[in-house]
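Colleague: Could you look at this predicted model? Sequence included:
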Amino acid sequence: MITIGLTTWTDHPALIENEDRKVTLQEYAGFFPVVEVDTSFYGIPKLSTIANWQKSVPEKFQFILKANQLMTLHDGVSANDYLSDDHRLAFTEFRKMVRPLVEAQQLKTILFQFPPYFNCETANIRYLWDIRELMGDLPISVEFRNRSWYDPAVQEETMLYLKKLEMSHVSVDEPSSVPNGVPLIKTVTNSHLAVLRLHGKNAEGWAKQGQNWRKTRTLYRYSETELQNFATLVRQMQGKADEVCVIFNNNSGHDAADNALRLKKILNISFNGLGPLQLDLF
């Protein structure tokens, strides 16, 4: 199975014909069967929020939720240090928050996107084990943003370790030539789910971490050739996992939706049971 989605649902005007406004979740769910939500990174959503999401989507629609920033150590705490009560509470509250999605089979995975300084060292390797223990059997995907995990001396061991922890390694497309970029690694570590996240190849925007970095680093529109190459990659990964989920994050210029719909067309796939707005733009 192949699924395709976008990061967030509001900022994709290409999904609404001749209108310049935010897209609703209900409207988004007419095009894609999965969405990645980043609000959980900044603050753990209330159960009432989860309930509202569920009311807005078909029963087979699924969510990818970013792990909270305390869970990914974005607050600068070292994995060498004992996790504070606040850190442990974040794990507890996160598990409670996703329970309705789990019960409805609407949680695809929890995305642990680690900060660039989360490198391949003993404490961080051990922390991945701690995460699995703290999250129980919940589905987890891991995106590294430090290239030390992909050093030829440790890359194979890294992938085997994630496989042992039953975590999906997130393959990412981003500018790998810049110091803060990582390579596209095609290894699948979870036979249930493989995840491919596409950030674009804006090397200049990726490297310049200025005031507008978050708004400009994903300013990129994939070409037809690049999308055809992704289709080939997805088919290769499909032979190694029950599902390959592709998430487009190249949206600084509102290109993600068009690119995602085009990839869907190239792969000749359809998503059954979507919401009321079913429209093929190509």
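Modeller: Arrived safely, thanks for sending.

Colleague: State the distance from Glu121 to Ser270.
Modeller: Per CB to CB, to the nearest Å, Glu121 is found 45 Å from Ser270. (Glycine included, C-beta is placed from N, CA and C.)

Colleague: out of the two, which sits in the more crowded spot?
Modeller: Neighbours per residue (other CB atoms under 10 Å) separate Glu121 from Ser270, with Glu121 holding more: 14 against 9.

Colleague: Could you report the pLDDT at the more buried one?
Modeller: Looking at Glu121, its pLDDT stands at 94.

Colleague: Please pull out the lowest mean pLDDT helix or strand from the chain.
Modeller: Taking mean pLDDT, DSSP states H and E as the measure, the chain has helix 213-216 as its least confident helix or strand, at a mean of 71.

Colleague: how about the strands in the stretch 151-282 of the chain?
Modeller: Counting by DSSP state E, counting those that start in this stretch, the stretch 151-282 of the chain has these strands, from start to end: 167-173, 193-198, 243-248.

Colleague: Could you save those strands as a markdown table and add columns showing mean neighbour count and distance to Glu133?
Modeller: Converted to a markdown table, the strands of the stretch 151-282 of the chain look like this (neighbours: other CB atoms under 10 Å; distance: least, CB to CB, whole Å):
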| stretch | mean neighbour count | distance to Glu133 |
| --- | --- | --- |
| strand 167-173 | 23 | 12 |
| strand 193-198 | 24 | 20 |
| strand 243-248 | 26 | 25 |
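
Colleague: want to throw those strands into CSV with mean pLDDT?
Modeller: Formatted as CSV, the strands of the stretch 151-282 of the chain follow (pLDDT from 0 to 100):
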stretch, mean pLDDT
strand 167-173, 97
strand 193-198, 98
strand 243-248, 98
